[in-house]
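Asks: structure for the following, please:
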Amino acid sequence: MVTNQMYLFLIFIVDGILIGLLFDFFRIARKVFQTSDAMTYIEDILFWILTGFIVLYSIFVFNNGELRLFMFLGILLGAFIYMLWISSYIIKINVKIINFIKKVLSIILTPFHFVFINIRKSFTNFYIKIGNLLKKSKKEKNIVKN
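Replies: Numbers count the residues shown, from 1 in each chain. Predicted structure coming up:
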């Protein structure tokens, strides 16, 4: 009986660590990418939905849906352990990795961006010239009619 409860307590400590990782995932996304207030609200709602699924899944799979106080204490302890010892390293490493990937993609995509801008300018100038020609031809038609 006691070993089963210790096993459950450890499972819920792992749940707390998973919830901490999920929380950091959203923190990293906010640090790396600028998000609007509406997007932040959506991310918060998504975080709480996923957290609820993690906790409910563990409660139903590992303890047949029975709630015990030590489960929630295990979640809090796991989240505390994660935030205290692991979180800062995870955030630093992932932000560096994502910023490196962004720089590499920027370097790779710069020629394509340059070509796209030049093509867009060429089409824009072409359409402006066509529009000016059409305006001139309308004016000439009006002058001929009068």
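Asks: could you point out which residue ranges in this structure have low pLDDT?
Replies: Low-confidence segments of the chain (pLDDT under 70): 112, 115, 138-146.
Asks: can you check which helix is longest in it?
Replies: helix 87-145 (DSSP state H).
Asks: which other helices and strands contact it?
Replies: Packed against helix 87-145, as judged by 3 or more CB pairs under 8 Å, 6 or more residues apart in numbering; DSSP states H and E, are the following elements: helix 2-32. All C-beta spots, glycine's among them, are computed from the backbone N, C-alpha and C.
Asks: and the helix it packs on, what does it pack onto?
Replies: Looks like helix 2-32 contacts helix 37-63, helix 69-81, helix 87-145 (3+ CB pairs under 8 Å, 6+ apart).
Asks: among those helices, which is the most enclosed?
Replies: helix 69-81 (a mean of 17; mean count of other CB atoms under 10 Å).
Asks: remind me what it packs against, helices and strands.
Replies: Using 3+ CB pairs under 8 Å, 6+ apart: helix 69-81 touches helix 2-32, helix 37-63.
Asks: quick one: buried residues of the first one?
Replies: When neighbours are counted by 16 or more other CB atoms under 10 Å, the buried residues of helix 2-32 are found to be 8-9, 11-20, 23-28.
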